[in-house]
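Trainee: Predicted model follows, preceded by the sequence.
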Amino acid sequence: MTVDTTKNAVPFEMAQIPGPEMAKAYNTAVIGAIMKKAKRPLLVVGAELFEDPVMFDKVIAIGKTGVPIAATAHSIKGFIERGYTDNVTMIGLHPLTNYLRFKDWQGLDGQGQYDVVIFMGIFYKFASAMFSALKNFNRDIKRVSIDRYYHVNADMTFGNLAFDQDKYHEAVDEVTAKLTA
Amino acid sequence: MDKMEGSFAVEDMQNVQINIGAIVKEVEEWDQPMGPFPYPTIATLRDWDFKIMNRYKVFYSPICDRCTLCTYGPCDLTGDKRGACGIDQAAQQGRIVLIACLMGATAHCAHGRHLYHWCLDKFGDLPVNMGDEILVDAPITRTIAGIKPKTLKDFGPVLSYFEEQVSQLLASTHTGQEGSYLDFESKALHAGMLDHLGMEVSDIIQTVAYDMPRGDEDAPIVECGMGTLDKSKAILITYGHNLAASSEAMFYTEDNNLWDKVDIGGVCCTAHDNVRIGEGLGYPKEISEKYKMVGTKAKIAGAIGWWRKMVRGDVMDCVMVDEQCVWTDVLNECSKLKIPVIASSEKIMLGLPDRTNDPVDGIVDDLVNFRMPGVAVLDPTKAGEIGVRTAIAVKPKRAEIREADPFLSEEDFKKYAESCTYCHSCQFVCPPHIKIGDVVQAAAKGNFEPLSSTYEICVGCRRCEQVCPQDIPILSLYAYANKEYIRNQKFKMRAGRGTVKDTEIRRVGAPIVLGTIPGVIAIVGCGNYPNGTKECYDIAKEFVDRGFIVAASGCMAMDMSLYTDDDGKTIWEQYGGAVDGRNICNVGSCVANAHITGATIKIATIFAGRNERANFDDMADYTLSKIGACGVAWGAYSQKAASIATGCNRMGVPVVVQPHSVMYRRAFLGRTDKKEDWEIIDARDGSRVYCEPAPEHMLYVAESVEEAMLMMAKLCIRPSDNSQGRMIKLTHYCDISMKYFGCMPPDWAIYVRHASDLPLKWKDDMLKELESKHGWEIDWKRKAIVSGPIRKMDVSFDPTNIERKIRTKK
Ligand code: SF4
Ligand code: SF4
Ligand code: SF4
């Protein structure tokens, strides 16, 4: 049974309606495929992981498939506590997005700019604004959300799953499975 | 009216005379030559702004991709698109930022303009006397206007200058005017600078006229919190930012011996200003003879985030609003609980009848008998009297109504809670993401715990109630379940001390510039977000304990008063109120924020002997390179906060804000991967040096309070730190990181110039890591760094960003 992540595609904060270009909600297979196909993906995770700690393990599972992780706010702590820091870098979401919008940035590892960024576990309003910055000022990067919210300024997102934790967990697991398949 | 027009005419005449006299006098008493930039206009400081923006890239996160400002619109500006008028997304964002900064700056300046007229009317012209320990009395006015104000009337031309500038700036936002985002931002920086000028003028006027503390580290301890309002008396709430009418209510109460019948509690900055009245040096006489220490009789009801919660909590009998930050549904909210409203400012009249010229008795009678929900009375003296008399007379009437039909009975509470269908609509709109559905469901089962534990996190925005299909008055449920908390919300706060003394600057100037005091932390704005008011206390406590100089103001100062240590002491009772390490000072209401930026000027002039007169960029350059100060607005909502932060940035003071502040749309962020961005001039010989990125950012949104604290510690690092200073700053930076992140910050190495910069605690490990991870050459015998740092430690390095500061050309 796959989770239908295309339902409930309304902005999580209802008045968060930016303009004509709004995100499309996709199912987990498509999002997984986009992440898998990416040449330089970056998974960006934030402090909301602490509110649902099992998410750290799910992020680590994605990290183990080779997707590098940017740990924003103080989320690095959750990785250290779990003994997984291999491809995890501590950086603020604000400076990270600032770097992402410049085409000449060489990435956290010095190997070049990213082509797909994936957000999860970040305070909604902040994540939305950072997606907006990329949407307007660096359109070369694909913006993907696998957070529990419909993310209006992303390219690809889930619909809202904020009130169904189990379904949300399942959806993330499906994306991870797609990456390892 | 006749009287006012008369006094204006005379005032204009006197201005001319005073100005002529002042020039002669200033030569005698203020021997500083006029600097290069008196009364700077829009383009005067543009070079400085571009220097800032060259290092700190303008970063936009648009909240709206469209523009709807003219009839060609709506235009879609997403990505590379331009509007019909040719504007692109970046410039459009810059335009919105500028408008926000102008809203903020004019709010303060208009406040100052009102106080200027009102105080001259009430007290006549008064000397700007800040006492013997403050000679550099109005540092921002001196720096921007190039004048030293002698009397209140000297602020007239300063306010006129401000008004001309904002009119020019606002004009530039019309379609078809400015088109470059960089120039919009330079204009926003100009507006921000003007804001600090407006704040300084406002606060000095009220300090001088109402005999407020002038840099008093022992300013009285006053009462704070809803529970301090004595329910056995009538309660008048004065709400807003301008003390004119509120102070008159206090004077009326004092003159008529009514303090045993009425309690006056302030909300938002009026609360600060009420409790500062009559606590200064004893002049003017009018205040000191009749109203000495009268401020201590008023109470601080609370900060802006508590406003609707106070109304729903039924803590007041009458409310008088003045200006700024007054929630515009005050009339709707209050009329439901039969609370009469008096509007006392032209800026907020709420559609009410203007009863300024009616007799007081008739107005009170109309309000007390609920013939009208409120009145506008624009004469502060009259409004004050009406407020006190109405509160006293309406109290028994409200009690009767409450008796007959409680505003929310136990049955109502149950009925509402049980009607929740758990539809989650409320959770879609709650700014701090409270799981309101769960909270209400628990309440229906008789479990009030979630209603109490989220009470401080709720900002009282009322969004949830508006979307609830069951029309559940969620804020009233909160009030019902938190009755006990409201009764017990009784705390102590130190009244605003006002400005900073010259003697204090002498004491802390060198340690700040050398870094041995690790930084100056200014905690300003309101404390709403993102996780309730407690985080402002946590931030303050962390940095005071670490020996930083901590200054607070506005609603933040009130909100951090709501928490105590194990001994039951608030932060104000735990620490002294001086401008010094391990102290916390409350400067006062939001306009008193100017004293914090003013203090950086005072360090440059008193400690470093620089001329501040008409010399803005020099003061800002000194601050940026040498004064480890960082502001934090952890929960601010307003456009005023946007302009205050922008003004700090033009002054070279970085600011950290909370995640909701992405609504401000613009940040200034540095790139450490661009070495060339951090080139700085050595003023000794004009040589250019690559410098460590200190401070790294100018305006920064932190996602969590932990990240905010880490960033604040880092943003206090300055190129001028000596080795001991840098070592102390790095110790706090790394220590905060270890404490909240569980690891060292990844970039500590870029701040190391010499082995003695390294924190003792981790020195050996750090040297090893510099060698193994960063490839630095280490002399292990001497435990010295041979090569590797961005630049070497040099005790007499004199960093500047301004060519004219170069002493001898190479
Ligand atoms: S001001 Fe310019 S961008 Fe805005 S609606 Fe008019 S033409 Fe379009
Ligand atoms: S009033 Fe309180 S609970 Fe309701 S949406 Fe606003 S913050 Fe959330
Ligand atoms: S919107 Fe109203 S009915 Fe729906 S969950 Fe919230 S409180 Fe309950």
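Mentor: Cool, got the structure. Ligands and ions are numbered 1, 2, ... in the order given.
Trainee: Report the contact partners of the closest residue to ligand 3 within chain A.
Mentor: Closest approach between chain A and ligand 3, counting by CB to the nearest ligand atom: A:F163, at 9.6 Å. For glycine as for every other residue, the C-beta is placed from the backbone atoms N, C-alpha and C. The contact partners of A:F163, by CB atoms under 8 Å, 6 or more residues apart in numbering or on different chains, come to B:424, B:427, B:437.
Trainee: From those, pick the one nearest B:V97.
Mentor: Comparing the contacts of A:F163 against B:V97 with CB to CB places B:Q427 closest, at 30.7 Å.
Trainee: Quick check, pLDDT for the closest one.
Mentor: We have a pLDDT of 92 for B:Q427.
Trainee: Ok, B:G21 next?
Mentor: B:G21 is assigned a predicted lDDT (pLDDT) of 37.
Trainee: Please apply the same query to the one 10 residues further on.
Mentor: The predicted local confidence for B:D31 comes out at a pLDDT of 84.
Trainee: mind showing which ranges of the chain have poor pLDDT?
Mentor: Let's take chain A. Low-confidence segments of chain A, defined by pLDDT under 70: A:1.
Trainee: Chain B was what I was after
Mentor: Using pLDDT under 70, chain B drops low at B:1-29, B:809-810.
Trainee: domain ranges for it?
Mentor: B:22-209, B:221-397, B:410-488, B:723-794 (automatic domain parsing).
Trainee: is ligand 3 contacted by the third one?
Mentor: Yes. Applying CB under 6 Å from any ligand atom, one finds domain B:410-488 touching ligand 3 at B:420-426, B:436-437, B:440, B:468-470, B:472.
Trainee: Skip the chain neighbours and tell me the closest residue to residue 113.
Mentor: Since you didn't name a chain, this refers to chain A. A:W105 (5.4 Å; CB to CB, 6 or more residues apart in numbering or on different chains).
Trainee: not quite, I wanted chain B
Mentor: Closest to B:R113 by CB to CB, 6+ apart is B:L159, at 5.3 Å.
Trainee: element containing the one you found?
Mentor: Secondary structure assignment for B:L159, by DSSP states H and E: helix B:155-171.
Trainee: Kindly report the same for B:C585.
Mentor: If you go by DSSP H and E, B:C585 is part of strand B:583-588.
Trainee: mind checking how far that strand is from the chain centre?
Mentor: Centroid displacement of strand B:583-588 relative to its chain, using CA atoms, centre = their mean, to the nearest Å, is 12 Å.
Trainee: Can you spell out which helices and strands pack onto that strand?
Mentor: With contacts taken as 3 or more CB pairs under 8 Å, 6 or more residues apart in numbering or on different chains; DSSP states H and E, strand B:583-588 sits against helix B:269-274, strand B:491-494, helix B:534-545, strand B:549-553, helix B:571-574, helix B:594-602.
Trainee: what comes up buried for the lengthiest helix in chain B?
Mentor: Ordering each helix of chain B by length in residues (DSSP state H) puts helix B:89-123 first. Residues of helix B:89-123 classed as buried under the neighbour-count rule (16 or more other CB atoms under 10 Å in any protein chain shown) are B:89-120, B:122-123.
Trainee: for it, packing partners?
Mentor: helix A:124-137, helix B:2-29, strand B:56-60, helix B:155-171, helix B:181-209, helix B:243-255, helix B:639-650, strand B:666-670.
Trainee: OK, contacts around the residue in the stretch 551-700 of chain B that ligand 1 sits nearest to?
Mentor: At 15.8 Å from ligand 1, B:R665 is the closest residue in the stretch 551-700 of chain B, using CB to the nearest ligand atom. Counting by CB under 8 Å, 6+ apart, B:R665 makes contact with A:129, B:60-63, B:93, B:96-97.
Trainee: List the buried residues for stretch B:733-751?
Mentor: Quick answer for stretch B:733-751 (16+ other CB under 10 Å): B:733-737, B:740-742, B:744-745, B:748-751.
Trainee: and the closest residue to B:C119 other than its chain neighbours, how many neighbours does it have?
Mentor: Spatially, and ignoring its direct neighbours in sequence, B:C119 is nearest to B:A209 (4.1 Å; CB to CB, 6+ apart). With neighbours defined by other CB atoms under 10 Å in any protein chain shown, the count for B:A209 comes to 24.
Trainee: what does the one 10 residues further on give?
Mentor: In terms of burial, B:A219 registers 27 neighbours under the definition other CB under 10 Å.
Trainee: what does the stretch 51-200 of chain B have sitting close to chain A?
Mentor: B:57, B:59-66, B:76-80, B:89-90 (CB under 8 Å from any CB of the partner chain).
Trainee: Show the buried residues in these.
Mentor: B:57, B:59-66, B:76-78, B:89-90.
Trainee: about what we covered before: if I look at the residue of chain A closest to ligand 3, how far off is B:H433?
Mentor: As judged by CB to CB, to the nearest Å, A:F163 and B:H433 stand 12 Å apart.
Trainee: next one: B:I521
Mentor: Going from B:I521 to B:H433 by CB to CB gives 27 Å.
Trainee: Between the two, tell me which one has more neighbours.
Mentor: B:I521 (29 against 19).
Trainee: next one: phi and psi at the residue minimising distance to the centre of chain A?
Mentor: Nearest to the mean C-alpha position of chain A, counting by CA atoms, centre = their mean, stands A:F119 at 1.7 Å. Backbone torsions for A:F119, taken as degrees, to the nearest 10, come to phi -100, psi 140.
Trainee: you'd agree it is up against A:A129?
Mentor: No. Counting by CB atoms under 8 Å, A:F119 stays clear of A:A129, with 11.4 Å between them.
Trainee: any idea which element whatever residue of chain A ends up closest to ligand 1 lies in?
Mentor: Residue nearest to ligand 1 within chain A (CB to the nearest ligand atom): A:G19, separated by 11.9 Å. Assigned by DSSP H and E, A:G19 falls within no helix or strand.
Trainee: What of the one 3 residues further on?
Mentor: With secondary structure defined by DSSP H and E, A:M22 is part of neither a helix nor a strand.
Trainee: Sticking with B:G362, tell me its helix or strand.
Mentor: Take DSSP H and E as the rule and B:G362 turns out to sit in helix B:360-368.
Trainee: what comes up buried for that helix?
Mentor: In helix B:360-368, counting by 16+ other CB under 10 Å, buried: B:360, B:363-364, B:366-368.
Trainee: same question, stretch B:404-422
Mentor: Buried residues in stretch B:404-422 (16+ other CB under 10 Å): B:407-408, B:412-413, B:416-417, B:420.
Trainee: Inside strands: which ones of those?
Mentor: Judged by DSSP state E, the subset of the buried residues of stretch B:404-422 located in strands is empty.
Trainee: contacting residues around B:L98?
Mentor: B:169, B:172-173, B:184-185, B:187-188, B:191.
Trainee: should've said A:A61
Mentor: A:T176.
Trainee: rewinding a little: could I get the helices and strands packed on strand B:583-588 as a markdown table with distance to B:G384 and mean neighbour count?
Mentor: Output for the helices and strands packed on strand B:583-588, formatted as a markdown table (distance: least, CB to CB, whole Å; neighbours: other CB atoms under 10 Å in any protein chain shown):
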| stretch | distance to B:G384 | mean neighbour count |
| --- | --- | --- |
| helix B:269-274 | 11 | 32 |
| strand B:491-494 | 23 | 25 |
| helix B:534-545 | 31 | 21 |
| strand B:549-553 | 25 | 29 |
| helix B:571-574 | 28 | 21 |
| helix B:594-602 | 26 | 29 |
